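Enquirer: sequence below, structure please.
(one chain, ligands or ions: 1)
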Amino acid sequence: MKFLYRFVIFTLFVVSSFGDGDDDDVGYEVTNKTFPKGFLFGVATAAYQIEGGWDEDGKGEQIWDMWIHSNPKIVADGSTGDVASDSYHKYKEDVACMTEVGVHYYRFSIAWARILPNGRTNKVNKAGVDYYLNLLKELKANGIEAMVTLYHWDLPTALHDIGGWTNPEIVGLFAEYAQLCYELFGDYVKTWVTINEPKQICHGGYGGSGYAPGINSEGLGEYLCARYVLLAHAKAWHIYDTEFRSKQNGRITIVIDSDWFEPTTDSAEDKEAAETKIQFVFGMYANPVFIGDWPQVMIDRVADRSLKEGFDQTRLPPFSSEEVADIRGTYDFLAINHYTSYMVSAAAEPNIDNPSWVKDAGGNVYQKDTWQQAAIGWFRIVPWGIGKLLKWIKATYGDLEIVITENGVSDRNGTLEDDHRIRYLKLYMSHLLDAMYEDNINITGYTLWSIIDNFEWTQGFNGKLGIYYVNMSDPERPRVPKKSSKYYANVIKTLCLQDSCE
Ligand code: NOJ
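Expert: A predicted model of the protein is given here:
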C-alpha cells in the first residue's frame, strides 16, 4: 500500500511537472494558421532502437551490441537493444500504427550489419535484405513513402576493429554499402539520408561523450571522425547522383542535428560566443556541405589552440581543395533534427591542457533552470528555439528547402494521457509555422520522433518518445496508442494545430 501510494505520488509528479512552468514562451499564442496543402508529415525510428533480433538470421554484430554487452552498466536502466520494440518481427504492426495516424512517410534506418554482417559487400545476408524489402513493400501497400537512413550509428563491429570512422578506408566501405542499398532497395525509396547526426557519431562515439564505440579521443579522434563521415557522405551522395538518380528519381541528403544557442545578452561578446558555438555544432557539418570547408572560426580557433598546446599543426584535419569541392553541394535539401536550446555567454578562454572540441568552441553554455525538463536527465523544452535556429540557418546558408527530420519529447513512464507531448508538439510546430509564414522559410516536411516507444540509447527504456506505448516487459510488445497519436493524426488531417483554424 505504501509502495502504491509512493508510486501514485511519483507518477503525478512526473506527469504534472511537464504541464506548466516557465519555458520563456509565456504569453505566446499558438498560431491558428494552417500548414500548406502538400506539406508532408512523417514519423521516424532507427534500426537499433526498434528492431531487436540483434543476432537473428545471420545479422552481424555492430558497435552498440558490442559496447552494451560488454558494459551493461552504461545504460541507465540496464536494458539493451537486443529485443527493443521487436520490430524485426512486428514491422507490420508499426506500419498499421502509421496508417492509423495517416502519415505520409516513414523515416527508418537500415542496419548495415543486418545486410552485410562483416560490413563488407563480399557477404550479403539474404534474410536481412528480405526484411527491409518486406518492410518497404508493406509501406508501399499502405501508401506510405519511405525515407531511408543508411547509417544511424550502428557500425558493424568488424569495421570498428579496423579503426571505424577514424580509418580513411571507411569512406570507400560506406560508399560500397550505400551503392548496394541503392541497388537493392532504390526502386522503393524516394528519399535517402546518408548519415544521421554526425555530431553524435563523432563526439559521442570518439570524443568520450558516452556513445558507442566509447572511444575517448577528445580534440583528435572526434575531428578525424568528422572528416571521414563528411567524405563518406559525399561519396555516397555522388554515387547516387551519377548512377541512380535518373533511374530511381529519388533525393538524398545528410541529416544534421542542432540545438539553438541563444546569446545571454545583446553584448557583442555574448553574441560572438553563441555564434562560435553554433558553428562548432551545426556549422562543423553544414558548412562543408552547404558552403564549402570547415567554418573559418573553427579553422582559426583549433589552429590557435593546437599551437598553444604544443602540437606542430592543427588538430582539425584540413580538407584539400579537391575534397572541399567534392563535399560542397552534396545535398538535395537541408535536413535537421532539433529538440532543445541552450544559452551562451562569453567566458574566459578555456585552459590550454587536454584538448577537446568542447574547449575549442569555448563559451559558457547552459540551460535555464526555469525551462521545463523533459525526461529526467534529458533535455529541456524551449519551443521558440526552433524558430530562431531556422532563421539563423536561412541567414547563414541561404534560402534552402528544409525538412525537419526529427523532433519530439520524452518521458519516463510512457503515460497514455501524454498531454505534455501534445503541448510540446503544438508549440514547436506553431513556431515552425511562424517561421514559414513570418520569415518565409521554405519548410516542406516535419518528422515526429517517434512512432513507437523504443530503446533510447544510454537512457534505455527510461526515455520514451513514442506516440504509441510499448510495454518492454511484455514479450508480445503490443503497440498502444497514446493521446498524442490522435492529436498528430488530427493535425495531419486538418493541417491545423488547434481544434479549429482561421
Ligand atoms: C536523435 C537521434 O537521431 C535518435 O536516435 C534519438 O532517439 C532521438 N534524437 C531522441 O534522443
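Enquirer: which parts of the stretch 301-450 of the chain sit against the ligand?
Expert: 337, 406, 449 (CB under 6 Å from any ligand atom). (Each C-beta comes from the backbone N, C-alpha and C, glycine too.)
Enquirer: which parts of the chain sit against the ligand?
Expert: Contact residues, the chain versus the ligand (CB under 6 Å from any ligand atom): 46, 49, 196-197, 337, 406, 449, 456, 465.
Enquirer: look up how far Glu197 lies from whatever residue of the stretch 1-150 of the chain ends up closest to the ligand.
Expert: Using CB to the nearest ligand atom, the single residue of the stretch 1-150 of the chain nearest to the ligand is Ala46, 4.8 Å away. To Glu197, Ala46 is 10 Å away according to CB to CB, to the nearest Å.
Enquirer: next: Gly466.
Expert: For Gly466 relative to Glu197 (CB to CB), the value is 19 Å.
Enquirer: so between those two, which is more surrounded?
Expert: Gly466 (31 against 23; other CB atoms under 10 Å).
Enquirer: hmm, Lys482 and that one touching each other?
Expert: Yes. The pair Gly466 / Lys482 is scored as a contact, 7.1 Å apart, by CB atoms under 8 Å.
Enquirer: residues that sit against both of those two, list them.
Expert: Common contact partners of Gly466 and Lys482 (CB atoms under 8 Å, 6 or more residues apart in numbering): Gly414.
Enquirer: strands along the stretch 101-250 of the chain, start to end?
Expert: For the stretch 101-250 of the chain, the strands defined by DSSP state E, counting those that start in this stretch cover 105-109, 145-151, 189-196.
Enquirer: identify each buried residue in the helix or strand harbouring Ile393, please.
Expert: Using DSSP states H and E, the element containing Ile393 is helix 384-397. Neighbour-count burial for helix 384-397, with 16 or more other CB atoms under 10 Å as criterion, is recorded at 384-394, 396-397.
Enquirer: again with stretch 301-318
Expert: Going by neighbour count (16+ other CB under 10 Å), the buried part of stretch 301-318 is 301-303, 305-306, 314-316.
Enquirer: what of stretch 148-166?
Expert: Burial within stretch 148-166, assessed by neighbour count using 16+ other CB under 10 Å, is assigned to 148-160, 164-166.
Enquirer: quick one: end-to-end length of stretch 208-218, please.
Expert: One end of stretch 208-218 sits 7 Å from the other (CA to CA, to the nearest Å).
Enquirer: what does that stretch contact?
Expert: Contacts to stretch 208-218, defined as CB under 8 Å, 6+ apart, come from residues 63-64, 66-68, 71, 74, 153, 155, 160, 164, 166, 200-201, 203-207, 221, 224, 354-358, 457-458.
Enquirer: ok, Phe108 touching Ile144?
Expert: No. Taking contacts as CB under 8 Å, Phe108 lies outside contact range of Ile144: 10.7 Å.
Enquirer: so between the two, which is more surrounded?
Expert: Per other CB under 10 Å, whichever of Phe108 and Ile144 has more neighbours is Phe108, with 25 against 20.
Enquirer: who's the closest spatial neighbour of that one, skipping the chain neighbours?
Expert: Take Phe108 and drop its neighbours on the chain: the residue closest to it by CB to CB, 6 or more residues apart in numbering is Thr45, 5.1 Å away.
Enquirer: and the one you found, what does it touch?
Expert: Contacts for Thr45 (CB under 8 Å, 6+ apart) come out as 87, 94, 106-109, 449-452, 454.
Enquirer: check contacts around Glu401.
Expert: Contact partners of Glu401, counting by CB under 8 Å, 6+ apart, are 333-334, 442, 444.
Enquirer: likewise for Asp187?
Expert: Counting by CB under 8 Å, 6+ apart, Asp187 touches Gln248.
Enquirer: ok, now His160?
Expert: 63, 66, 213.
Enquirer: how about 7 Å then?
Expert: When contacts are counted by CB atoms under 7 Å, 6 or more residues apart in numbering, His160 touches 63, 213.
Enquirer: with the one 4 residues further on instead?
Expert: Contact criterion CB under 7 Å, 6+ apart gives 155, 170, 213 as the residues in contact with Gly164.
Enquirer: re the thing from before, now the contacts of Thr45 as TSV including distance to Arg477 and pLDDT?
Expert: Shown next, in TSV, are the contacts of Thr45 (distance: CB to CB, whole Å; pLDDT from 0 to 100):
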residue	distance to Arg477	pLDDT
Ser87	9	99
Asp94	10	99
Tyr106	18	99
Arg107	21	99
Phe108	17	99
Ser109	19	99
Trp449	19	98
Ser450	14	98
Ile451	13	98
Ile452	9	98
Asn454	10	98
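Enquirer: want to try JSON lines for those, with distance to Arg421 as columns?
Expert: JSON lines is the format used below for the contacts of Thr45 (distance: CB to CB, whole Å):
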{"residue": "Ser87", "distance to Arg421": "21"}
{"residue": "Asp94", "distance to Arg421": "18"}
{"residue": "Tyr106", "distance to Arg421": "19"}
{"residue": "Arg107", "distance to Arg421": "18"}
{"residue": "Phe108", "distance to Arg421": "21"}
{"residue": "Ser109", "distance to Arg421": "23"}
{"residue": "Trp449", "distance to Arg421": "11"}
{"residue": "Ser450", "distance to Arg421": "11"}
{"residue": "Ile451", "distance to Arg421": "13"}
{"residue": "Ile452", "distance to Arg421": "13"}
{"residue": "Asn454", "distance to Arg421": "15"}
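Enquirer: rewinding a little: which residues are contacting the helix holding Ile393?
Expert: Under the criterion CB under 7 Å, 6+ apart, residues 24-25, 258, 260, 262, 278, 286, 290-291, 334, 338, 340-341, 402, 428, 431-432, 434-435, 439, 441 lie in contact with helix 384-397.
Enquirer: for stretch 229-247, same thing?
Expert: Under CB under 7 Å, 6+ apart, the answer for stretch 229-247 is 150, 165, 170-171, 174-175, 178-179, 182, 186, 192, 194-195, 198, 201-202, 252, 254, 285, 288, 323, 326-327, 330.
Enquirer: of the residues you listed, grab the buried ones for ChimeraX.
Expert: A single ChimeraX command selects the buried members of those (16+ other CB under 10 Å):
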select :150,165,170,171,174,175,178,179,182,186,192,194,195,198,201,202,252,254,285,288,323,326,327,330
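Enquirer: so where is this structure shaky, pLDDT-wise?
Expert: Applying pLDDT under 70 to the chain flags residues 1-24, 376-377.
Enquirer: now the closest residue to the ligand within the stretch 251-400 of the chain: phi and psi?
Expert: Of all residues in the stretch 251-400 of the chain, Asn337 sits closest to the ligand, at 5.4 Å by CB to the nearest ligand atom. Dihedral angles of Asn337 (phi, psi; degrees, to the nearest 10) stand at phi -100, psi 130.
Enquirer: start at 34 instead
Expert: Right, with 34 as the first residue, what we last looked at is Asn370.
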